[in-house]
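**Q** Need a 3D model of the sequence below.
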Amino acid sequence: MTTRHSSSAPALSTSQPQAKGGAQALPTRSIRMIGVPLDMGASRRGVDMGPSAVRVAGLEKRLEMLGHHVTDAGNIRVEIAETQAVGNKNARYLKQIAETCTRTAEAVAAALEEGATPLVLGGDHSLAAGSVSGVAEFHRRHGQKIGLLWIDAHADINTPETSPSGNVHGMPLAALLGLGPEKLSNIVGFAPKVAAENAVLIGVRDVDAAERENIRRAGMAEVYTMRDIDERGMRAVMEEALRAAGRGTAGYHVSLDMDWIDPENAPGVGTPVRGGATYREAHLAMEIIADHGRLLGFEIVEVNPVIDEHNRTADLAVELACSVFGKKIL
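**A** Below you'll find the predicted structure:
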């Protein structure tokens, strides 16, 4: 692994609708919102209400104001933790999480088959084992690979053997890169879902010792810590990251954990870590993704309204979704 200090996207409309406030929404997409109210992957409860909080914050209306056609597919069915057996303490509720992720993968692939861009609302980050699998499966049917931008305070690349907590929301990236656990790695019947050279970590600042070894074992070369962003700036980091994720792929899926942002701006997250991206850095990252025009799917995870302040974190999640789908200042 070298830590940096330092194929076509889905067909889109070429129309250029004028949004309110003078901002142009480019390009127009058909977007399908899919809620995944999953909280079995985390210790702290409450992220199961994240999809509702983001909806209440006006996501659908705000995207439609940009000229997009938005449909809400409702929520994926998720079991209630109190009615379920925990299972292996090293990967708590793994069976139930894998079942939820399989349903998520099917819904995401179906959205893509129907020409829509999936916008997944979480829920804890373990759901990404399903959403990314759905994007990968759809493009695999067309002989294409995908890239992945994992934007997070944490690496989420533990396995049951290395996890200090047994919380599966710390394992989805490992699963997508083929490190296991097997129930998550083999969703939709193949692994890995993303080649290591096309998977990029952005903004990490809280990484377990065992995760460092797993990053090396997986062969990830593109890892950008908050120090990289501090030293080099968000633009340089994002441009390099997008080149890596886009190299030889149909485009990339973006998995945004709201704890990537500093808790001063996003207090309603399950695992806050000081020293994250600022409000404007977060918007700039999303705006640069929009400029490149190769977004295949997008998800926002780990919004926890139970510990939020007046729905601030959900409001910010909506703003960032608008930026990644083309909202501009002018």
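
**Q** For residue 128, see how far away residue 298 is.
**A** Between residue 298 and residue 128 the computed distance is 11 Å (CB to CB, to the nearest Å). (C-beta placed from N, C-alpha, C; glycine too.)

**Q** the more surrounded of those two?
**A** Neighbours per residue, other CB atoms under 10 Å: of residue 298 and residue 128, the larger number sits with residue 128, 33 against 24.

**Q** so where's the chain uncertain?
**A** For the chain, applying pLDDT under 70 flags the ranges 1-26.

**Q** For the helix ranked longest in it, buried residues please.
**A** Longest helix in the chain by number of residues (criterion: DSSP state H): helix 94-113. Applying a neighbour-count criterion of 16 or more other CB atoms under 10 Å, one finds 94-112 buried in helix 94-113.

**Q** Now that helix - C-alpha only, PDB.
**A** Extracted as PDB, the C-alpha positions of helix 94-113 are listed here (Å, rounded to 0.1, in the frame of the first residue of the first chain):
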ATOM      1  CA  LEU A  94     -24.200 -11.000  10.500                       C
ATOM      2  CA  LYS A  95     -26.900 -13.300   9.100                       C
ATOM      3  CA  GLN A  96     -29.600 -10.700   9.300                       C
ATOM      4  CA  ILE A  97     -27.400  -8.000   8.000                       C
ATOM      5  CA  ALA A  98     -26.400 -10.200   5.000                       C
ATOM      6  CA  GLU A  99     -30.100 -10.800   4.300                       C
ATOM      7  CA  THR A 100     -30.800  -7.100   4.400                       C
ATOM      8  CA  CYS A 101     -27.800  -6.400   2.100                       C
ATOM      9  CA  THR A 102     -29.000  -9.000  -0.400                       C
ATOM     10  CA  ARG A 103     -32.400  -7.200  -0.600                       C
ATOM     11  CA  THR A 104     -30.600  -3.900  -0.900                       C
ATOM     12  CA  ALA A 105     -28.400  -5.200  -3.800                       C
ATOM     13  CA  GLU A 106     -31.500  -6.400  -5.600                       C
ATOM     14  CA  ALA A 107     -33.300  -3.100  -5.300                       C
ATOM     15  CA  VAL A 108     -30.200  -1.100  -6.400                       C
ATOM     16  CA  ALA A 109     -29.600  -3.400  -9.400                       C
ATOM     17  CA  ALA A 110     -33.300  -3.100 -10.400                       C
ATOM     18  CA  ALA A 111     -33.100   0.700 -10.200                       C
ATOM     19  CA  LEU A 112     -30.100   0.700 -12.600                       C
ATOM     20  CA  GLU A 113     -31.800  -1.700 -14.900                       C
END
